[in-house]
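A.B. asks: predicted model and sequence follow; I will ask about them next.
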Amino acid sequence: MSSGSPRLPTQEEVAHYRDNGWVHLPNLVPSSVATQLLEHAKTLMGGEAEEVKSNKPNRTSSQRTMWQDYDEPSKSDPVFDEFAHSEGLGHVAHDLLGRPVRYLQDQLLVKLPAAKGGGATTWHQDMPYLPFDRSGVAHIWVALIDIPAEMGTMRFLSGSQKQGLFGRALHDDKGDLTATHPELFDECEMSPPLDLRAGDATVHDAATVHFAPPNATDAPRWAYLTAFFRADTLFTGAPHRDTNAIPELIPNKPFDHPRFPVAYPVR
Ligand code: SIN
Ligand code: NI
């Protein structure tokens, strides 16, 4: 990996994350690192993100338009592996959550131009899908190219992470949370549209309600997501694609397994 591990969030950024459930981290990594990750993403997926590697057979038709996604690039590419499992990235998640963290997963999330069939990422939380007994999951979403708001940067309902869980919105026939929980949009302020530069990140808590508009440009939106969770989280036993094939995980026990290493502090 070219030089430059992630910078740490400032005290103000940590406070913003804890209060609002999301934060914009300009220059989380140097743009040269983003560009290197982009080159490797294109090697895996093709220059227009035509190749997907996604283990989500139950997708609705609207979900299928949200992303060309590629699960776990860190398993097949050493540059993603080094970045995703770096102590520096774990340190960022640790400082935001204020606790020891484990690595959860990584994913390339490419949003195709609307003219090529790409759609909005509808309003949802990530938490209802996870087999975790407690809150405290940080999703670090790094822009691999300059991503202006109209290309589909995320919007968040500030403070919604403190309000509870609102269901598996992405699988609800009624559509997204605007239909099932309209009151949230009066109660929580919506984050502003963000213009991101390559190497900028947004981080959101898995309980924060979020969305991304369709990509109104004519180029694919290249983003790379890594996720971290509280190291003391216990496994609930609920089915999940990241845990189904790991018989060593025991309900009501922590995720003490090499697939979910403690990312920071490293023992
Ligand atoms: C997106 O990449 O459009 C949204 C990512 C997320 O839902 O966490
Ligand atoms: Ni999400």
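C.D. replies: Noted; the coordinates are in hand. Ligands and ions are numbered 1, 2, ... in the order given.

A.B. asks: going forward, measure contacts and count neighbours with C-alpha atoms only.
C.D. replies: Will do.

A.B. asks: the lowest-mean-pLDDT helix or strand in the chain: what's the following helix or strand?
C.D. replies: Lowest by mean pLDDT, DSSP states H and E among the helices and strands of the chain is helix 61-66, with a mean of 77. Once helix 61-66 ends, the next helix or strand along the chain (criterion: DSSP states H and E) is strand 68-71.

A.B. asks: show residues contacting that following strand.
C.D. replies: With contact meaning CA atoms under 8 Å, 6 or more residues apart in numbering, strand 68-71 is reached by 45, 49-55, 106-112.

A.B. asks: which of the residues you listed come close to ligand 1?
C.D. replies: Leu109 (CA under 6 Å from any ligand atom).

A.B. asks: please save the CA atoms from the top helix by length along the chain in PDB.
C.D. replies: Taking residue count as the measure and DSSP state H as the definition, the longest helix of the chain comes out as helix 31-45. Once non-C-alpha atoms are left out, helix 31-45 reads as follows in PDB (Å, rounded to 0.1, in the frame of the first residue of the first chain):
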ATOM      1  CA  SER A  31      -6.100  10.600  -2.300                       C
ATOM      2  CA  SER A  32      -3.200   8.400  -3.500                       C
ATOM      3  CA  VAL A  33      -4.500   5.600  -1.300                       C
ATOM      4  CA  ALA A  34      -8.000   6.000  -2.600                       C
ATOM      5  CA  THR A  35      -6.600   5.900  -6.100                       C
ATOM      6  CA  GLN A  36      -4.700   2.800  -5.400                       C
ATOM      7  CA  LEU A  37      -7.800   1.100  -3.900                       C
ATOM      8  CA  LEU A  38      -9.800   2.200  -7.000                       C
ATOM      9  CA  GLU A  39      -7.300   0.600  -9.400                       C
ATOM     10  CA  HIS A  40      -7.600  -2.700  -7.400                       C
ATOM     11  CA  ALA A  41     -11.400  -2.400  -7.300                       C
ATOM     12  CA  LYS A  42     -11.400  -2.000 -11.100                       C
ATOM     13  CA  THR A  43      -9.200  -5.100 -11.400                       C
ATOM     14  CA  LEU A  44     -11.700  -7.100  -9.400                       C
ATOM     15  CA  MET A  45     -14.900  -5.600 -10.900                       C
END
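
A.B. asks: tell me which stretches of this protein form helices.
C.D. replies: Using DSSP H, the helices assigned to the chain run over residues 11-20, 31-45, 61-66, 73-76, 78-84, 87-97, 177-180, 184-187.

A.B. asks: please identify the most buried of those.
C.D. replies: Scoring those by mean neighbour count under mean count of other CA atoms under 10 Å gives helix 87-97 as the most buried, with a mean of 23.

A.B. asks: tell me the residues of the protein that contact ligand 1?
C.D. replies: Contact residues of the chain with respect to ligand 1, defined by CA under 6 Å from any ligand atom, are listed as 109, 121, 212.

A.B. asks: now neighbour count too, for these, in TSV please.
C.D. replies: TSV is the format used below for these (neighbours: other CA atoms under 10 Å):
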residue	neighbour count
Leu109	22
Thr121	25
Ala212	21
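
A.B. asks: for Leu108, give me its contacts.
C.D. replies: By CA under 8 Å, 6+ apart, Leu108 lies in contact with 41, 69-73, 222-225.

A.B. asks: okay if I get those residues as a markdown table plus distance to Ala84 and pLDDT?
C.D. replies: Putting the contacts of Leu108 into a markdown table (distance: CA to CA, whole Å; pLDDT from 0 to 100) gives the following:
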| residue | distance to Ala84 | pLDDT |
| --- | --- | --- |
| Ala41 | 13 | 97 |
| Asp69 | 17 | 89 |
| Tyr70 | 14 | 94 |
| Asp71 | 13 | 94 |
| Glu72 | 10 | 96 |
| Pro73 | 9 | 97 |
| Trp222 | 16 | 98 |
| Ala223 | 14 | 98 |
| Tyr224 | 10 | 98 |
| Leu225 | 9 | 98 |
